[in-house]
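K.L.:
pasting the structure only:
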């Protein structure tokens, strides 16, 4: 598998995490896993029909990938080429007026052709076309979730929802409603995903060779078992398989 991603135009970097492309490199179909990250993606299939956990991505079509709460797999060979846009959490509404994103959690759905970048132009102009397309679509508006998301990141996912609400002068109910509408999942689930991202980084880059119990306590889990269960929930793997 060949995977490449680039940063978008500077005026888009607050809202779009990356443009990316992935291609298979062998005739044999290989599975590739994508972990939850709190983001929404648009995927453009520029190659043959591609199998995923959520069904078939057909050639020439665009798909909306809702926020995921578990890993998803795609199966790639040399005939497959996918290009995508990864929107930062709560940033999708800056480009699209769409249904509440809790309706598409863990789903890959057909995206309206009239709202999608033109596939032929993607084939011809690639990332430069995506930059111009989304610069033209950008709709500047107030989004009160960005400061909340920053608070969650700064705490590495270890902050209570009550504290988040107090810091940002909203009620817990408002916070829940806005997260489900603009991200798709609850603030608690989102914080858990970010905490898991930070924890996974500690597990993979562990020069002090700390055991799982020590890492669990550092990252706010109750114990080794709690962290192991979270690893299985988000990756579908056991700790020893990471």
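P.N.:
Cool, the structure landed. Please read all numbers here as calculations on a predicted model, not as lab measurements.

K.L.:
and the residue of the chain most remote from its centre, its phi and psi?
P.N.:
In the chain, counting by C-alpha atoms, centre = their mean, residue 208 sits farthest out from the average C-alpha position, at 29.6 Å. The phi and psi torsions at residue 208 (degrees, to the nearest 10) take the values phi -90, psi 0.

K.L.:
confidence score at it?
P.N.:
On the pLDDT scale, residue 208 is placed at 85.

K.L.:
quick one: it and residue 194, what's the gap?
P.N.:
23 Å (C-beta to C-beta, to the nearest Å). (Glycine included, C-beta is placed from N, CA and C.)

K.L.:
could you find the closest non-adjacent residue to the residue most central in space within the chain?
P.N.:
Central residue of the chain (C-alpha atoms, centre = their mean): residue 39, 2.9 Å from the mean position. In this structure, residue 39 finds its nearest non-sequential neighbour in residue 86, 5.1 Å apart by C-beta to C-beta, 6 or more residues apart in numbering.

K.L.:
same deal with residue 45?
P.N.:
Excluding the flanking residues, the one nearest residue 45 by C-beta to C-beta, 6+ apart is residue 57, at 4.6 Å.

K.L.:
tell me which strands the worst-scoring helix or strand of the chain on mean pLDDT pairs with, and in which orientation.
P.N.:
None of the helices or strands of the chain scores lower by mean pLDDT, DSSP states H and E than strand 30-34, at a mean of 78. Strand 30-34 pairs in its sheet with strand 72-76 (antiparallel), by DSSP bridges.

K.L.:
and the contacts of the partner strand?
P.N.:
Residues from elsewhere that reach strand 72-76 (C-beta atoms under 8 Å, 6 or more residues apart in numbering): 1, 22-24, 29-34, 50-54, 57, 82, 106, 108.

K.L.:
and it, how far from the chain's centre?
P.N.:
15 Å (C-alpha atoms, centre = their mean, to the nearest Å).

K.L.:
one more: stretch 44-53?
P.N.:
Computed by C-alpha atoms, centre = their mean, the chain-centroid distance of stretch 44-53 equals 18 Å.
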